[in-house]
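**Student:** let me see the structure of the following:
(one chain, ligands or ions: 4)
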Amino acid sequence: NQEQLPISFFDEEMEAGLVREEEIKKELVQITDHINPERLSLHYQPILNIKDHTIVGFEALARLDSIYLGKVSPVEFIAVAEKSKLIIPIGERIIDMALRFIKRLYHQGFTTYWVSINISPIQLLKEDFCAYLLNAMSLYQVSPESIHIEITETVFSSDYDDINRTLGVLKAHGIHISIDDFGTGYSSLSRERELNINCLKIDKSFIDKLTEKEENSAITGDIIVMAHRLGHTVIAEGVENEKQLNYLKSHQCDLVQGYYFYKPIEEDKIFDVLL
Ligand code: C2E
Ligand code: MG
Ligand code: MG
Ligand code: MG
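**Tutor:** Ligands and ions are numbered 1, 2, ... in the order given. Alright, predicted model coming up:
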C-alpha cells in the first residue's frame, strides 16, 4: 500500500535519529568518565584586527571524533549534551581544555591573545558557573584578560535578569562577554544597552548578505553603528571573501573571523601559525 509508505519511512528516520542520539550520548558519557577523553578536542579559529590583519584572539570550537559515527558536528552533539544535562561536565571539560591552551600560549611567550569559549545557557544558569570558571582560572594561572565568554542572544529570551547578573559578576572579574550570532535571535539593541557585555559577533547570515544586492547590506552597517554607539566592539564572523571584508572595513567593523583568513585549526598546529 503506497499511502502508508511515507509513514513507515518517517518511523525509520525517527528510529535512526534516536539510535544516533543514544550513540552520541553514550560517547559523551564515556568522555566525562575519562574512558575516551581524547575523542573531544578543541580547534581554534583566529580572530583578527580588521585594519592590519594581525591575530588578536581565537575562538575555541569543540570537536567530537566518535568511535562509531566519525566526526560529529558540535551543532549536533552540543544539542544532545544540552538535552541530557551532560553539557555541564562536557562544558567544564571544554573550559579546562581552553585554559590549558591559554597556559600553553603563555609558556610559548604569547601573553596577549585571548581565547573565546562558547558557553551554553544551561551552563551559564547553573549557580556555580562563575565559581567553577574562577577556580579553574586560578588553578591554571590564567588571567581574566585572556578569556572571552560567548553566549548566543537566545539566552535572553528567558531568565534575562539571572543571566545578566551572572554576566555582571564575570565582567567585574575582568572577563569579556560576547553576544554570539547577533541578529538572529531575540534581543533588541535597545535592550543591549543594559546588558553586561563587551562585544557583538554579527552572525554569518548578515555577512553572507554583503555579497548580495547592495540594499541587503545596509542592515549590517546599521548593526555596526548601533553597537559602537552602545560602546561594544564588533566582530564579523564567517567572512569568506574580499567583497565582504571591504564592506566591513569601510563600515568600521573592528575584528574579523572566517575562512577568508583561517579555518578552525587543531591545537598543535596553532603554533605553526604564530611562530
Ligand atoms: P558559533 O559559535 O557561531 O561558531 C562559528 C561557526 O562558524 C563554527 O562552526 C565555525 O567553524 C564556523 N565558521 C567560521 N568561519 C566560517 C566561514 O568563513 N564560513 C563558514 N561556512 N563557517 C565558518 P562549528 O565549529 O561547526 O560550530 C558550530 C556551532 O556549535 C558554534 O557556532 C556554537 O554554537 C557551537 N559550538 C561549538 N563549540 C562549542 C562549545 O565548545 N560549546 C558550546 N556550548 N557550543 C559550541
Ligand atoms: Mg561562537
Ligand atoms: Mg557565532
Ligand atoms: Mg553562528
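**Student:** from now on I want contacts and neighbour counts done on CA atoms only, so please keep to that.
**Tutor:** Will do.
**Student:** can you count the residues close to residue 273?
**Tutor:** Residues lying near residue 273 (other Cα atoms under 10 Å) number 11.
**Student:** who's in contact with the helix or strand hosting residue 94?
**Tutor:** Here residue 94 is covered by helix 87-107, with elements defined by DSSP states H and E. Contacts with helix 87-107, where a contact means Cα atoms under 8 Å, 6 or more residues apart in numbering, come from 28, 31-32, 41-42, 60, 62, 78, 81, 111, 114-115, 117, 119-120, 122-123, 132-133, 136-137, 140-142, 146, 267.
**Student:** for PyMOL, write the select line for the buried members of those.
**Tutor:** Selecting just the buried residues from the contacts of helix 87-107 in PyMOL takes one command, with 16 or more other Cα atoms under 10 Å as the test:
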select buried, resi 28+31+32+41+42+60+62+78+81+111+114+115+117+119+120+123+133+136+137+142+146+267
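**Student:** on that earlier part again, give me the buried positions along the helix holding residue 94.
**Tutor:** For helix 87-107, the buried set under the neighbour-count rule, 16+ other Cα under 10 Å, comprises 87-106.
**Student:** then stretch 28-38?
**Tutor:** Buried residues in stretch 28-38, defined by neighbour count with 16+ other Cα under 10 Å: 28-29, 31-32.
**Student:** name the nearest of these relative to ligand 3.
**Tutor:** Distance to ligand 3, by Cα to the ion, is smallest for residue 28 among the buried residues of stretch 28-38, at 22.9 Å.
**Student:** surely that closest one is in contact with residue 85?
**Tutor:** No - no contact is recorded between residue 28 and residue 85 when judged using Cα atoms under 8 Å, the distance being 10.8 Å.
**Student:** how about the helix holding residue 94 as CSV, C-alpha atoms only?
**Tutor:** Presented in CSV, the C-alpha positions along helix 87-107 are these (Å, rounded to 0.1, in the frame of the first residue of the first chain):
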residue,chain,number,x,y,z
ILE,A,87,26.5,19.8,28.9
ILE,A,88,27.6,20.6,32.5
PRO,A,89,30.6,18.1,32.7
ILE,A,90,31.3,18.4,28.9
GLY,A,91,31.3,22.2,29.3
GLU,A,92,33.6,22.0,32.2
ARG,A,93,35.9,19.9,30.2
ILE,A,94,35.9,22.4,27.4
ILE,A,95,36.7,25.2,29.9
ASP,A,96,39.6,23.1,31.3
MET,A,97,41.0,22.4,27.8
ALA,A,98,40.7,26.1,26.7
LEU,A,99,42.5,27.3,29.9
ARG,A,100,45.2,24.7,29.4
PHE,A,101,45.7,26.0,25.9
ILE,A,102,46.0,29.6,27.2
LYS,A,103,48.6,28.4,29.6
ARG,A,104,50.4,26.8,26.7
LEU,A,105,50.3,30.0,24.9
TYR,A,106,51.8,31.8,27.9
HIS,A,107,54.6,29.3,28.1
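**Student:** for the residue nearest to residue 38 when sequence neighbours are not counted, helix, strand, or coil?
**Tutor:** Distance criterion Cα to Cα, 6 or more residues apart in numbering; nearest residue to residue 38, sequence neighbours excluded, is residue 31 at 7.6 Å. Secondary structure, DSSP: H, G, I helix; E, B strand; the rest coil: residue 31 is helix.
**Student:** look up how far residue 91 lies from residue 31.
**Tutor:** Between residue 31 and residue 91 the distance is 12 Å, computed by Cα to Cα, to the nearest Å.
**Student:** great, nothing more from me.
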